[in-house]
Structure formats: C-alpha cells, structure tokens
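Novice: no sequence on hand, only this structure:
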Ligand SMILES: CSC[C@H]1O[C@H](OP(=O)(O)O)[C@H](O)[C@@H]1O
C-alpha cells in the first residue's frame, strides 16, 4: 500500500489525519478553504510541501463544488482573497506563501486573457493546484537521488547509517519525501545500513510518523530519545556510526540559514563537533531568496498544552486499545511553557542543501549561492557536489 497523506480528484479532497497516526488511519474530508485552513492549523496535515498542496487543493474543490460567478474578475477576486486567508494558517514554512504567489499570477493572467470568464479562471487555478501534487513527488525523487549520491560519495561508498529529525516523508509531502526521500533512495541503492530517527517532541513526528513510514517500507531503522541521544550516537565519528544527518526544511533563507523543526539547530551543533556531515533536503519551493537570512524568518509558537499533555490510545500493559484515547498531563500544573515549533540552523553549520536538481555546496568564499539553483531549470543542469550547481 502506498502511503498517501493527500487524496485528490476533481471535486474531492481527503487528508490523512496525522493526529491519529500511527494507530489509526483516518481520512478527513476537506470541502473548502476553511476546512483546509483548520486542517493545517490543527496539524491534522503538516509538512512544508504538504501544507502548500492541501491549501491549494482545498480552494480547488471549493471552486469545483460551488458557483462563484461566471465573471472572470469576480472569480479571480474570490481566489485571491482565499489565498490570503490560507497563508495565515501557519507562518514559518515558505511553501504555502510561495504557492500562493505563483497561483495568484496564474489567476491574474487567466482573468486578463481576452474573452476569459469565471470558468476559465477557475480551471486555470484548479489545473495548477493539481499539478503541484505531481511536481512535488518528482522533486522529491530528484532530492532522494542526488542526496543519496552525495552521501555515498562522501562516505567513500559502502553502506552508511544516517540520522534524521521530524517527519519529512510521504506524510509531509505529496509522496516519497525530502530527507526521508534521501533515506528511501539510499535503501533502494543498497547503500543504507540503518536509519536513525528522533522522537521529535512535542508533536512526535519522528516516533509517530517517520517510524511509521520506515516500518511500512521495511527500512532498517532505530528510534532514539528525541535529540538527546543524538550526540552519543555520533560519538564514534562518521566511520563508525552516523555518516550524515539529513533533515528537511520549512524555509531556507537566501544565505542558506534554514528554519526547520525545533531541535534541528542542536543536531547541527553536535554534527559539527563530531565531524558528521549535516545536510538539508528541500525542494526549491522551500528556498526563499526574499528572506536574506535566518533573522528574517518568523518562528511559529504553538500552544503550551501541546507540550504539557500527551494523547494516545489506552495501553493496558499488554495491548493497545485504539478505541480508548487518553490525554494525560506530563508537566507540573501552572508551569509557564515556551513551545517554538521551529528553530534556525545557521548556514555555517550546513554542509549541503539537497535540491531536486542537485546538491548546493558553499563556494570558495564559504557561502551558499542559492540564486544559481533558483534560476536553473530541471533539464540540462548537471548537479555538482563541489561549489554549488
Ligand atoms: C518536508 S516537511 C519539512 C518540515 O515540515 C515539518 O514541520 P511540521 O511537522 O511542523 O509541519 C518539519 O519541520 C519538517 O522538517
């Protein structure tokens, strides 16, 4: 069975409710952009690429199932208003804002075409939204390919073990995944000894989602206690245990500073200390040249209760009863809480940024030049592993 976080056909959108995983696989119907906004805000669907795709498709099914207007300019105005609303669901991942910007241009172009009408504008939007699903899987397969080649080359061939954080697989994207796509490609190449994944509190994307995907794909994998055990795991150096740490991204700034799940920054520090390569895997839709550095990235803070309570099915000491969900407190009542959902890893701690068209490395000046990656087209660019694309 293929893991599908998003199920779409014209007029119908369903998302796998990731708050129920790994014990229950339930799909929620998304009827319109309001449903889409709430699914993203509640984190029933999550992951930078998936957020953008679900937002766009939620508006597509709304257009397909309702008569907005037969006038081009009225449909365009409706779409632009809904896109602005959808972008407010979560601030850190750039993919949603990037998609909204591109979709806005498509709709404005369709509306200004001679003889255009409401149906033509709606079709232009829906076709572009549907194309995002297809393009994302293709991008992730490219990320997997180039990332696996880079890690294998750096390790001198043979089998390698890698560590990843959070969830960046089929549950965070349209399929295959970014950092988890690199792990899937290493495994497919016969080059993966073992994947290690962190729990990634407090949402537990690692223990609930990445572990679910790795077990589903029968990839040799070990769960570790969040980021805490990651330094010990690297203690014996790259040759003995971990050849590389590969993580996803929510926003890569123009200088390569990267916002990703909380805990990523300290993983990068431990990697630098142990001489382990630290890689960011992200499609170019995650690169934001308008944000010059990590200082310009808004970090989402989530409700404290997502940290001080934990929810899951009842365990009677022998088995799990998924019909009985429990929420239990795991913190002292009355304690203040700080719950940033992301942190920023400075470019100086990052060895490479794996994109769908190749691995970008720092130039001789020790800096990333991401403009090359953003100007390149898929065809014809031969990825290099030294000095950028
Ligand atoms: C390919 S997903 C990128 C990114 O999104 C996740 O955040 P969240 O689970 O809060 O949506 C995580 O930071 C992943 O690395």
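Specialist: Here it is on my side, so go on. Note that the structure is a prediction, hence the values are computed from the model and not measured. Residues are numbered from 1 along each chain as shown.

Novice: where do the helices of the stretch 151-300 of the chain begin and end?
Specialist: 179-188, 211-216, 230-234, 237-240, 264-274 (DSSP state H, counting those that start in this stretch).

Novice: tell me the helices and strands packed up against the first one.
Specialist: Translated: helix 179-188. Helix 179-188 is packed against helix 118-154, strand 160-164, strand 192-198, helix 211-216, strand 242-247, strand 277-281, with contacts defined by 3 or more C-beta pairs under 8 Å, 6 or more residues apart in numbering; DSSP states H and E. C-beta coordinates here come from the backbone N, C-alpha and C atoms, glycine included.

Novice: if we use 10 Å, what do you get?
Specialist: Here helix 179-188 touches helix 118-154, strand 160-164, strand 192-198, helix 211-216, strand 242-247, strand 277-281, strand 352-355, going by 3 or more C-beta pairs under 10 Å, 6 or more residues apart in numbering; DSSP states H and E.

Novice: hey, which of these is tucked in deepest?
Specialist: Stretch with highest mean neighbour count among these: strand 352-355 (a mean of 28; mean count of other C-beta atoms under 10 Å).

Novice: the very next helix or strand once past that one pairs with which strands, and in what direction?
Specialist: Sequence order places strand 358-360 as the next helix or strand after strand 352-355, per DSSP states H and E. Partners of strand 358-360 in the sheet, by DSSP bridges, are strand 352-355 (antiparallel).

Novice: can you name the residues of the protein sitting close to the ligand?
Specialist: Residues of the chain that fall close to the ligand, judged by C-beta under 6 Å from any ligand atom: 46-49, 166, 168, 172-173, 178, 205, 248-250, 260-261, 341.

Novice: re the thing from before, export the helices and strands packed on helix 179-188 to TSV and tack on mean pLDDT and distance to residue 3?
Specialist: Listed next are the helices and strands packed on helix 179-188 as TSV, based on pLDDT from 0 to 100; distance: least, C-beta to C-beta, whole Å:
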stretch	mean pLDDT	distance to residue 3
helix 118-154	97	12
strand 160-164	97	16
strand 192-198	96	15
helix 211-216	97	6
strand 242-247	96	19
strand 277-281	98	18
strand 352-355	97	21
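
Novice: in JSON lines: those, plus distance to residue 24.
Specialist: JSON lines is the format used below for the helices and strands packed on helix 179-188 (distance: least, C-beta to C-beta, whole Å):
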{"stretch": "helix 118-154", "distance to residue 24": "24"}
{"stretch": "strand 160-164", "distance to residue 24": "24"}
{"stretch": "strand 192-198", "distance to residue 24": "21"}
{"stretch": "helix 211-216", "distance to residue 24": "11"}
{"stretch": "strand 242-247", "distance to residue 24": "27"}
{"stretch": "strand 277-281", "distance to residue 24": "29"}
{"stretch": "strand 352-355", "distance to residue 24": "33"}
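
Novice: just to revisit the earlier point, single out the most deeply packed of the helices of the stretch 151-300 of the chain.
Specialist: Note that of those, helix 179-188 is the most buried (mean count of other C-beta under 10 Å), with a mean of 27.

Novice: report how many residues lie close to residue 159.
Specialist: For residue 159, the neighbour count with other C-beta atoms under 10 Å is 15.

Novice: any idea how far it is from residue 193?
Specialist: Computed as C-beta to C-beta, to the nearest Å, the residue 159 to residue 193 distance reads 4 Å.

Novice: is it true that residue 144 touches residue 173?
Specialist: No - using C-beta atoms under 10 Å, residue 144 is not in contact with residue 173; the gap is 11.2 Å.

Novice: contact partners of the longest strand seen in the chain?
Specialist: Secondary structure of the chain per DSSP state E: the longest strand is strand 320-329. With C-beta atoms under 10 Å, 6 or more residues apart in numbering as the test, strand 320-329 has contacts from 20, 23-24, 305, 308-316.

Novice: low-scoring pLDDT stretches of this structure, where are they?
Specialist: By pLDDT under 70, the low-scoring segments of the chain are 1, 237-240, 376-389.

Novice: residue of it nearest the ligand, please.
Specialist: residue 248 (3.0 Å; C-beta to the nearest ligand atom).

Novice: apart from its chain neighbours, what residue comes closest to that residue?
Specialist: Distances taken as C-beta to C-beta, 6 or more residues apart in numbering place residue 168 nearest to residue 248, at 3.4 Å, with adjacent residues excluded.

Novice: check contacts around that neighbour.
Specialist: Applying C-beta under 10 Å, 6+ apart, the residues near residue 168 are 47-49, 140, 143, 177-183, 205, 209-210, 213, 246-249, 260-261, 281-282.

Novice: residue 134 and residue 312, how far apart?
Specialist: As judged by C-beta to C-beta, residue 134 and residue 312 stand 35 Å apart.

Novice: for residue 61, grab the count of nearby residues.
Specialist: 25.

Novice: same thing with residue 324?
Specialist: Residues near residue 324, counting by other C-beta under 10 Å: 11.

Novice: now it: how far from residue 77?
Specialist: Distance of residue 324 to residue 77, given as C-beta to C-beta: 48 Å.

Novice: same thing with residue 10?
Specialist: Residue 10 is 23 Å from residue 77, by C-beta to C-beta.

Novice: kindly report the same for residue 90.
Specialist: Applying C-beta to C-beta to residue 90 and residue 77 gives a distance of 24 Å.

Novice: tell me which of the two has more neighbours.
Specialist: residue 90 (21 against 16).

Novice: touching, the more buried one and residue 46? I think so.
Specialist: Yes - using C-beta under 10 Å, residue 90 makes contact with residue 46 at a distance of 8.2 Å.

Novice: between those two, what contacts are shared?
Specialist: With C-beta under 10 Å, 6+ apart, residue 90 and residue 46 have common neighbours 40, 341.

Novice: hmm, back to that, give the pairing partners of the longest strand of the chain; include direction for each.
Specialist: Partners of strand 320-329, by DSSP bridges, with direction: strand 309-315 (antiparallel).
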